[in-house]
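Visitor: Structural data only, the sequence is not supplied:
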């Protein structure tokens, strides 16, 4: 691989581990405490998992189902499958067993790595209808004590087996990574199935890396950025923001403790890069307005006064446009001190440089609200088949009734 450019995701991971070995790559909140792994540690974990999967019989061309909430080791499972020339197939963790059955059969899943007992039980429910499903690996051992089927494996044990293989065959994993080609399928993502059964969209390393690089260059992302990874791993948006772009730019992804703690974790992490569908931004605004109704009369008057100022000139100031009067600029600066900055802090958006929304139409008033208080919220339009982005909004060229320019 000497002199070869990083044209596959496993090679990108190696590149990040070499370029910034001590930089935090992944964080996860567990039992109220943030745990962190550097790029070099992530690389070692992925290689151990890949070798462990190889010991179980995983080989080039096999498909690996990945089911669970956003967890570091589930992201590593994607990279581990790719190291061996396999294809990760993330599935929606809230799907019932009968819904998973179609994907398991359609993708001819032989191996599955899942988060916990809940996901294991779903697979066991349909396993008789999936004779090709040979191995199930679980991340969280809680509740798994009495599951003694020979095809069940603790992820820790798989990695330990992998580390033993690495000691015995130190060149194995590099050789497997070297066999990878940018034209190989990197990921299989299933569409929502709005026009019938879901379709498995096969996306190559080359296609997704180009999409990731385009977004990184477009918004000037780098290793100093960080993102909160809480949207379904089976969705193309999460795969772009939390996997593809992270491996290209080297920034940090942060996995929340649970779906119920996302807002708390958002405030603690203070990401610089954020993505959410319109309903999330709408729910956040609703919570703010409800809290304002309980505030004192003076605070309510101040809030509404400065929000009028923000609606009048906030978006133009954010876009650095001329034409805003000195008086309005002074009022906006005062409003930022008293209202907008504290509001961004409550929303967990104090450090955000770029925020995106997509997946549905966002109302112009909602869109304008966030931009008016200084959040650089932009719209994105795309599809699974195009590795997410088709259109993006350049900074300074935001139109409230447009999804931007073709990328």
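Guide: Right, received. Where do you want to start? Treat the numbers as computed from the prediction; the structure is a model and nothing was measured.
Visitor: Tell me which other helices or strands the helix or strand harbouring residue 246 touches.
Guide: Using DSSP states H and E, the element containing residue 246 is helix 245-249. Secondary-structure packing of helix 245-249 (3 or more CB pairs under 8 Å, 6 or more residues apart in numbering; DSSP states H and E): helix 9-19, helix 205-218. Quick note: C-beta positions are derived from backbone N, CA and C, even for glycine.
Visitor: and these, which is most packed in?
Guide: Counting by mean count of other CB atoms under 10 Å, helix 9-19 has the highest mean neighbour count of these, with a mean of 21.
Visitor: Which SSE is immediately downstream of that one?
Guide: strand 24-30.
Visitor: Tell me which residues are up against that following strand.
Guide: 16, 34-39, 41-42, 71-72, 75, 246, 250, 252-257, 261, 265, 268-269 (CB atoms under 8 Å, 6 or more residues apart in numbering).
Visitor: First-to-last residue distance for stretch 18-28?
Guide: Using CA to CA, to the nearest Å, the end-to-end distance of stretch 18-28 comes to 22 Å.
Visitor: Ignore what I typed, I meant stretch 333-346.
Guide: Stretch 333-346: ends 19 Å apart by CA to CA.
Visitor: Could you list the buried residues of stretch 179-186?
Guide: 180, 182, 184-186 (16 or more other CB atoms under 10 Å).
Visitor: Stretch 153-164 now?
Guide: 153, 155, 158-159, 161-162.
Visitor: which one of those sits closest to residue 286?
Guide: residue 155 (38.9 Å; CB to CB).
Visitor: and the closest one, what does it touch?
Guide: Counting by CB under 8 Å, 6+ apart, residue 155 makes contact with 49, 73, 113, 137-139.
Visitor: again, 6 Å this time
Guide: By CB atoms under 6 Å, 6 or more residues apart in numbering, residue 155 lies in contact with 137, 139.
Visitor: Distance of it relative to residue 133?
Guide: Distance of residue 155 to residue 133, given as CB to CB, to the nearest Å: 17 Å.
Visitor: Let me know the pLDDT of residue 235.
Guide: The model reports residue 235 with a pLDDT of 93.
Visitor: what's the closest non-adjacent residue to it?
Guide: residue 189 (7.6 Å; CB to CB, 6 or more residues apart in numbering).
Visitor: Pretty sure that neighbour sits against residue 200.
Guide: No - counting by CB atoms under 6 Å, residue 189 does not reach residue 200; the two are 7.4 Å apart.
Visitor: if you count what's nearby, which of the two comes out ahead?
Guide: residue 189 (25 against 17; other CB atoms under 10 Å).
Visitor: Grab the nearest non-local neighbour of residue 83.
Guide: Sequence neighbours aside, residue 50 is the residue nearest to residue 83 in space, at 4.1 Å (criterion: CB to CB, 6+ apart).
Visitor: What does that neighbour show for phi and psi?
Guide: Main-chain dihedrals, residue 50, degrees, to the nearest 10: phi -60, psi -40.
Visitor: do the same with residue 33
Guide: phi -120, psi 130.
Visitor: what about it, distance to residue 26?
Guide: 15 Å.
Visitor: same question, residue 37
Guide: For residue 37, the distance to residue 26 - CB to CB - is 5 Å.
Visitor: more neighbours, these two?
Guide: More neighbours surround residue 26 than the other of residue 37 and residue 26, with 24 against 19 (other CB under 10 Å).
Visitor: For the more buried one, give me the pLDDT.
Guide: Reported pLDDT for residue 26: 98.
Visitor: give me the beta-bridge partners of it?
Guide: Using DSSP bridges, the bridge partners assigned to residue 26 are residue 37, residue 253.
Visitor: roughly how far apart are it and residue 13?
Guide: 12 Å.
Visitor: neighbours around the closest residue to residue 62 other than its chain neighbours, how many?
Guide: Leaving aside its sequence neighbours, residue 62 sits nearest to residue 86 (CB to CB, 6+ apart; 4.6 Å). Residue 86: 25 surrounding residues under other CB under 10 Å.
Visitor: Over to residue 265?
Guide: Residue 265: 22 surrounding residues under other CB under 10 Å.
Visitor: State the number of residues packed around the closest residue to it other than its chain neighbours.
Guide: Spatial nearest neighbour of residue 265, excluding adjacent residues (CB to CB, 6+ apart): residue 256 at 4.1 Å. Residue 256: 22 surrounding residues under other CB under 10 Å.
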